[in-house]
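Enquirer: Please find the sequence and the predicted model below.
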Amino acid sequence: MVEGMHLTVISSLSLFARHDAAQYWLAGAKQTPVVLRWDHLATTDNHTQLQMTLTDASGAVTQSRVVMEGTCLSCSTLASLPKILNHIPADVSQALLMLPAGVSVSAVIKVASEREDVTLESAMTALVADELEDDLWSSETLHARGMSGDCADERTPGEFTVAEMTYADTLVLTSHPMGCHQDNQRMLEMVKHIAPHLAVVDLQNGGGECGCHYLSEVQKRAVPGYLEVPANESLRDRDYTGIATAVAEASAVVDAQLLAQVLPRMVEGAVRVRGYVWLDSHLDEQVAVEGIGPTVWLQTHGVWADAPATRIAVTGEGVDAREVQELLDSCLVTGERIVQHLLDESYEKERMNSEG
């Protein structure tokens, strides 16, 4: 049984980015860790396998393969991890886990949170800087890309990337080996607005410090509609043409039909949308708003824990904060709309009672 093992995990859609992130972390490690790397293999008999490469502190390498019963990399990785951890020598205190492309760090977070003998020090995600914006706007699925990391994977690259930014404490930005050195300022600004909590390591422009994993913070960020806005971000009274976040707020009920009409205009050009809304069609339920690139969706998320309200953050280039707020204001249920809504609700209840 492993005692007091400290883990660092890296996820990515890019094997290049995963490799660069691992090399950066290893170069700064205080002691030589065990390195466990998973790689997805395709075989000639149409089966898929996971190859696990374990490099111990002495540099010795051992490899093994797991034949996957299905096509879910996440399930296979999650199933194999506890057994692997149990077979690592008890005197090993540091380990680096390199996940297959498309497999989320949330798999390791789950295993680590269930074991008292394992501490997850850092959850890192790595990406090629000049691919970030394309991934956020892509409507292609990971399955179509041939890198399904999850069961029946219909996630887009943007959905995977944003989820990893949510679960991770550290983002590693690197470049494609065939690419040129570039200024990542635009990408850094975008990351700051999408995931302000992240420690960013920019390998092209000076590196940086890794962050630390805190399970309670991850659980808070993973709630649908969770809203975190960069510090000092206030755009109501100024124009700005760079990457920005506009926050629209209201304490009145929002008309669901009107919101459906104006929402496309509110989020036009946005790379990220998140928040929650108090809809007249779900008065007692908090409705989360989520958007990544071209796709925006709403989902109910239980009863209100606090006073019902609406707060939606829209991140994009040159966001017009005043217009976003005005569009939300045009959907509010006030005055005559409230009276009509109550009359309609009362009529519907009477009709249902009479039919019952």
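Expert: Structure received.

Enquirer: ok, which stretches of the stretch 51-200 of the chain are strands?
Expert: With strands called from DSSP state E, counting those that start in this stretch, the stretch 51-200 of the chain shows them at 61-67, 94-98, 118-128, 170-174, 199-202.

Enquirer: To residue 75, which of those strands lies closest?
Expert: strand 61-67 (10.9 Å; Cβ to Cβ). Any C-beta I mention is one placed from the backbone N, CA and C, and that applies to glycine too.

Enquirer: The closest one: partners in the sheet, and parallel or antiparallel?
Expert: Using DSSP bridges, strand 61-67 pairs in its sheet with strand 48-55 (antiparallel).

Enquirer: so how far is the strand it pairs with from its chain's centroid?
Expert: In terms of Cα atoms, centre = their mean, to the nearest Å, the centre of strand 48-55 is found 26 Å from the chain centre.

Enquirer: quick one: contacts of it?
Expert: Under the contact criterion Cβ atoms under 8 Å, 6 or more residues apart in numbering, strand 48-55 has outside partners 34-43, 61-68, 71, 73, 76-77, 80, 84, 100.

Enquirer: Tell me which residues of it come out buried.
Expert: Within strand 48-55, the residues that count as buried by 16 or more other Cβ atoms under 10 Å are 48, 50, 52, 54, 55.

Enquirer: now swap in stretch 115-127 and tell me
Expert: Buried residues in stretch 115-127 (16+ other Cβ under 10 Å): 115, 118, 120, 121, 122, 123, 124, 125, 126, 127.

Enquirer: okay, those residues in JSON lines with distance to residue 137 and pLDDT next?
Expert: Converted to JSON lines, the buried residues of stretch 115-127 look like this (distance: Cβ to Cβ, whole Å; pLDDT from 0 to 100):
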{"residue": "115", "distance to residue 137": "38", "pLDDT": "88"}
{"residue": "118", "distance to residue 137": "37", "pLDDT": "89"}
{"residue": "120", "distance to residue 137": "31", "pLDDT": "95"}
{"residue": "121", "distance to residue 137": "33", "pLDDT": "95"}
{"residue": "122", "distance to residue 137": "29", "pLDDT": "97"}
{"residue": "123", "distance to residue 137": "25", "pLDDT": "97"}
{"residue": "124", "distance to residue 137": "24", "pLDDT": "98"}
{"residue": "125", "distance to residue 137": "18", "pLDDT": "98"}
{"residue": "126", "distance to residue 137": "20", "pLDDT": "97"}
{"residue": "127", "distance to residue 137": "14", "pLDDT": "94"}
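
Enquirer: Dump the strands of the stretch 51-200 of the chain to a markdown table, plus distance to residue 14.
Expert: Shown next, in a markdown table, are the strands of the stretch 51-200 of the chain (distance: least, Cβ to Cβ, whole Å):
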| stretch | distance to residue 14 |
| --- | --- |
| strand 61-67 | 22 |
| strand 94-98 | 12 |
| strand 118-128 | 5 |
| strand 170-174 | 8 |
| strand 199-202 | 15 |
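
Enquirer: wait, which of these is closest to residue 163?
Expert: Of all the strands of the stretch 51-200 of the chain, strand 118-128 comes closest under Cβ to Cβ, at 9.2 Å.

Enquirer: Mind giving me the packing neighbours of the closest one?
Expert: Counting contacts by 3 or more Cβ pairs under 8 Å, 6 or more residues apart in numbering; DSSP states H and E, strand 118-128 packs against strand 5-12, helix 15-28, helix 106-113, helix 157-167, strand 170-174.

Enquirer: which intervals of the stretch 151-300 of the chain have sub-threshold pLDDT?
Expert: Along the stretch 151-300 of the chain, segments meeting pLDDT under 70 span 151-153, 178-183, 231-241.

Enquirer: Taking the buried residues of strand 48-55 together, which two end up most distant?
Expert: That would be 48 and 55, which, of these, are the farthest apart (Cβ to Cβ) at 23.3 Å.

Enquirer: Which of the contacts of strand 48-55 fall in helices?
Expert: Counting by DSSP state H, the part of the contacts of strand 48-55 found in helices is 73, 76, 77, 80, 84.

Enquirer: from those, which single one is nearest residue 220?
Expert: Nearest to residue 220 among the ones in helices among the contacts of strand 48-55, with distances taken as Cβ to Cβ, is residue 77, at 25.0 Å.

Enquirer: Double-check residue 315 against residue 247; I have them as touching.
Expert: No - in this structure, residue 315 is not within contact of residue 247 by Cβ atoms under 8 Å, at 9.9 Å.

Enquirer: These two: which is more packed in?
Expert: More crowded of residue 315 and residue 247, by other Cβ atoms under 10 Å: residue 315, with 25 against 20.
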